[in-house]
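In: Sequence and predicted structure below; questions after.
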Amino acid sequence: MITGEKLCLLTGLTDRRHRQLALEGWFPPPKSAEYLLAPTLQGLFKYYREKATRQGGTLLEKKGVKMDKDIKLADLKIAREERKLIDRDEVIARFQHVGSRQRMILFQALETELPPRLDGMAAAQIRPILRDTADAICREMADSMGGFAEASKPVEAAKVKA
């Protein structure tokens, strides 16, 4: 048996909190202001273990989760340094640049270069010129992407199909 006063000194909890825990079923309630020693201590240990688990696990588990996050962050940093990973904003800026450049090249080809070259030609003569112009535009796009993607492969596939 242990008195309520000694139990308070050991746990740092108030007698009222001990009684609440006893009512919650963690250990038997006191009789004449005394608690059964073994069942009370076992109940307190069980209460604290379950409380720690509810709060996100043990300290070791929390350190493991933190370590996993640190490893992921380090992997991302390495991938970024090796240029295997690119920031979203950089991707958007690159595509905006490529898109505006493509629009300019396409406009120039359709508005100024092609009409005089195609004037008076038959469809069979026009098709290779259009294909060459489309290939040139695709090559320009691949060049402007600066190795961002292998954009020349679809051009080669298109030549085989044609």
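Out: Structure's in. What do you need?
In: Averaged over its residues, which helix or strand of this protein has the lowest pLDDT?
Out: Every helix and strand of the chain was ranked by mean pLDDT, DSSP states H and E. The lowest is helix 152-161, at a mean of 41.
In: quick one, helices of this protein?
Out: 4-11, 15-23, 37-54, 59-81, 88-108, 114-118, 123-144, 152-161 (DSSP state H).
In: want to try CSV for those helices, with mean neighbour count and distance to Pro30 as columns?
Out: Using the backbone N, CA and C atoms, a C-beta is placed for each residue, glycine as well. Compiled in CSV, the helices of the chain are given as follows (neighbours: other Cβ atoms under 10 Å; distance: least, Cβ to Cβ, whole Å):
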stretch, mean neighbour count, distance to Pro30
helix 4-11, 14, 6
helix 15-23, 14, 7
helix 37-54, 13, 9
helix 59-81, 11, 31
helix 88-108, 12, 62
helix 114-118, 11, 97
helix 123-144, 14, 81
helix 152-161, 11, 80
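In: where are the low-confidence patches of the chain?
Out: By pLDDT under 70, the low-scoring segments of the chain are 56-59, 144-162.
In: Mark out where each domain of it begins and ends.
Out: In terms of domains, the chain is parsed into 2-54, 58-85, 88-161 (source: automatic domain parsing).
In: Angles on the backbone of the residue located most distally from the centre of the chain, please.
Out: No residue in the chain has its C-alpha farther from the mean C-alpha position than Ser32, which lies at 58.4 Å (Cα atoms, centre = their mean). The phi/psi pair for Ser32 (degrees, to the nearest 10) reads phi 60, psi 40.
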